[in-house]
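Visitor: Let me see the structure of the following:
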Amino acid sequence: MSRSRPSARGRSARRRLIADVWHENLQLDEALAEMIGPFPGIGRGGLRVDGGAADAIKGIQGIVGLARVPVTRPADVPSLMGWMGAVNSHDPPWLTAILRSWEERYDAILVALGSDTMRLAVRRPPVEGDEVKTSAELYAFCTDVVDMDDNAKELAAGLSATRSWMFWWD
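Guide: Predicted coordinates:
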């Protein structure tokens, strides 16, 4: 299956989606805003790592079920299912827009969805030097990835070697 690249207009709209939420979130937490700084932009995926999605999800524990959802892109699953796991933060169409962007840039595909959790297999981790940008995107998508770990720099440091991303919403 071939995917066309999104237009510059589409990339710009997705960047704005992430930046807007970034600013909203940081208005609520001055200390975190000071630590992280201004929105750094969006990251780029690097070269595809060896192995497929199966290799990327080997370390993921706790997947106990499987649903077949008729979509052409895994990013569309939350919207199609009406998934409300992040209802206190984002609606499914917003999540889908960001997931599509990550499919295109990081070859990150949705592999698990719980009542309030989501896991992605990342087949093209961020290029070296873009880890801070990518961590900013992950924070905008799900503030708990930083709020619970309490260290945005730590999150950024491991991203180029990470093969899966996990999100949870309270």
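Visitor: Three-state assignment for the residue positioned nearest the centre of the chain, please.
Guide: By CA atoms, centre = their mean, the chain has its centre lying nearest to L138, at 5.1 Å. Of the three states, L138 takes helix according to DSSP: H, G, I helix; E, B strand; the rest coil.
Visitor: Wait, it touches L155, no?
Guide: Yes. Contact criterion CB atoms under 8 Å: L138 and L155 qualify, at 6.7 Å. All C-beta spots, glycine's among them, are computed from the backbone N, C-alpha and C.
Visitor: Find residues that contact each of those two.
Guide: Common contact partners of L138 and L155 (CB atoms under 8 Å, 6 or more residues apart in numbering): 145-146.
Visitor: ok, back up a step: so how far is P70 from the residue nearest to the centre of the chain?
Guide: 28 Å (CB to CB, to the nearest Å).
Visitor: Please apply the same query to M84.
Guide: Using CB to CB, we find M84 at a distance of 20 Å from P70.
Visitor: What sits closest to the residue nearest to the centre of the chain if chain neighbours are left out?
Guide: Closest residue in space to L138, ignoring its immediate chain neighbours: V145 at 5.1 Å, by CB to CB, 6 or more residues apart in numbering.
Visitor: secondary structure element for that neighbour?
Guide: Element membership for V145 (DSSP states H and E) is helix 144-147.
Visitor: Just give me how far the helix or strand that that helix is followed by sits from the chain centre.
Guide: Sequence-wise, the next helix or strand downstream of helix 144-147 (DSSP H and E) is helix 152-158. Taking CA atoms, centre = their mean, to the nearest Å, one finds helix 152-158 lying 14 Å from the centre of the chain it belongs to.
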